[in-house]
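> When you get a sec, could you give me coordinates for this:
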Amino acid sequence: MRTKVAQLQQKFKDIVWRSHEPSRLETFSDAVFGFALTLIIVSIEVPKTFDELEETMKGGISFAVCFAVLFQIWNNQNIFFRRYGLKDTFTVLLNAVLLFVVLIYAYPLKFLTVLLFSNGTTLHEGHQIAMIRPEQIKPLMMIYGAGFAVIYLLFFLMYRNAAKRAHEAKLTDQELFHTRTVAGINIICMLICLAVMTLTYTATRQTAGKTGFFYFMIPFGYMIWYRYRAKKARRLFTTPAKLS
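A predicted model of the protein is given here:
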């Protein structure tokens, strides 16, 4: 699957693929991501009543969101290894921490998505109970923000390490520029997560949940950063047209 995704990504010529076949490290990573998806979708017990089955089926939307998030993380990791093919100790360590975070946050991610796409209650032993109390919203938002901040930090460190190993990876000047661009957007996203966590920490019990809307700053961060870097790339790498 990694090879197929890599082939689809070939149309983006920012960085030439240096690795085309999954390594043992990537194969292990795939197993971990697969296990994380299993934790999200599989229930310990088969529903015993139709009410329980209906409650389980309601989780379809939340699973789709969880799947999309995990796929995005996996795809970013896949693109990194396809681009650079690095297997140095620091890269292996960062990848191991990334996989650890993915496993640790599988259940919190599922809980949050189920909470968002439900009325805030769940079926437990035949009774509808509240999934969360008002005073627990702030800790939940802090946990969620910390997880994504760490993931963005790990990708920043991976791309920064790739930039430091530009000579080893035989990166061109344009590829090094794009590597630093990707590192930059990851640190920007991490800072946004930290800013939202700060807002959540200082918010009242009633407004803590609303701070999550500030994560919509991330797409704007992408747009502004890549527009800035694209202009800079044109100045650095575009050869002025000769006057006729």
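> Can you give the distance from stretch 78-87 to the centre of its chain?
Relative to the centre of its chain, stretch 78-87 is centred 16 Å away, using Cα atoms, centre = their mean, to the nearest Å.
> Show me which residues of that stretch are buried.
Using 16 or more other Cβ atoms under 10 Å as the test for burial, stretch 78-87 gives 78-86. (Each C-beta comes from the backbone N, C-alpha and C, glycine too.)
> low-confidence ranges in this structure?
Along the chain, the parts satisfying pLDDT under 70 run over 1-13, 19-21, 42-48, 51-59, 120-128, 239-244.
> ok, back up a step: so which of the buried residues of stretch 78-87 belong to helices?
Judged by DSSP state H, helices contain the following of the buried residues of stretch 78-87: 78-84.
> how about the residues you listed in JSON lines, adding distance to Val102?
Output for these, formatted as JSON lines (distance: Cβ to Cβ, whole Å):
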{"residue": "Asn78", "distance to Val102": "13"}
{"residue": "Ile79", "distance to Val102": "16"}
{"residue": "Phe80", "distance to Val102": "15"}
{"residue": "Phe81", "distance to Val102": "15"}
{"residue": "Arg82", "distance to Val102": "19"}
{"residue": "Arg83", "distance to Val102": "20"}
{"residue": "Tyr84", "distance to Val102": "20"}
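> of those, closest to Glu26?
Phe81 (5.6 Å; Cβ to Cβ).
> what's the spacing between the closest one and Ser29?
Per Cβ to Cβ, to the nearest Å, Phe81 is found 8 Å from Ser29.
> what does Ala68 give?
Distance of Ala68 to Ser29, given as Cβ to Cβ: 18 Å.
> With Thr89 instead?
Thr89 is 16 Å from Ser29, by Cβ to Cβ.
> need the strands for this protein, in chain order.
With DSSP state E as the criterion, the chain has strands at 121-124, 127-130.
> which residue is nearest the centroid of the chain?
Ile73 (3.9 Å; Cα atoms, centre = their mean).
> Surely that residue and Val150 touch.
No: between Ile73 and Val150 there is no contact under Cβ atoms under 8 Å: 11.4 Å.
> What is the distance between the lengthiest helix in the chain and the centre of its chain?
The helix that spans the most residues within the chain, counting by DSSP H, is helix 173-202. Distance of helix 173-202 from the chain centroid (Cα atoms, centre = their mean) equals 12 Å.
> same question, stretch 132-148
On Cα atoms, centre = their mean, the centre of stretch 132-148 falls 18 Å from that of its chain.
> If you count neighbours, what's buried in it?
In stretch 132-148, counting by 16+ other Cβ under 10 Å, buried: 132, 137-138, 140-148.
> Quick one: residues in contact with that stretch.
Residues outside stretch 132-148 that contact it (Cβ atoms under 8 Å, 6 or more residues apart in numbering) are 101, 104-105, 108-109, 111-112, 115, 120, 189, 193-194, 196-197, 200-201, 203, 205-206, 208-209, 211-212.
> Of those, keep whichever come out buried.
Applying 16+ other Cβ under 10 Å to these flags 101, 105, 109, 111-112, 115, 189, 193, 196-197, 200, 203, 208-209, 211-212 as buried.
> ok, which pair from the residues you listed is furthest apart?
Longest span within these, Cβ to Cβ: Val101 and Ala203, 24.7 Å.
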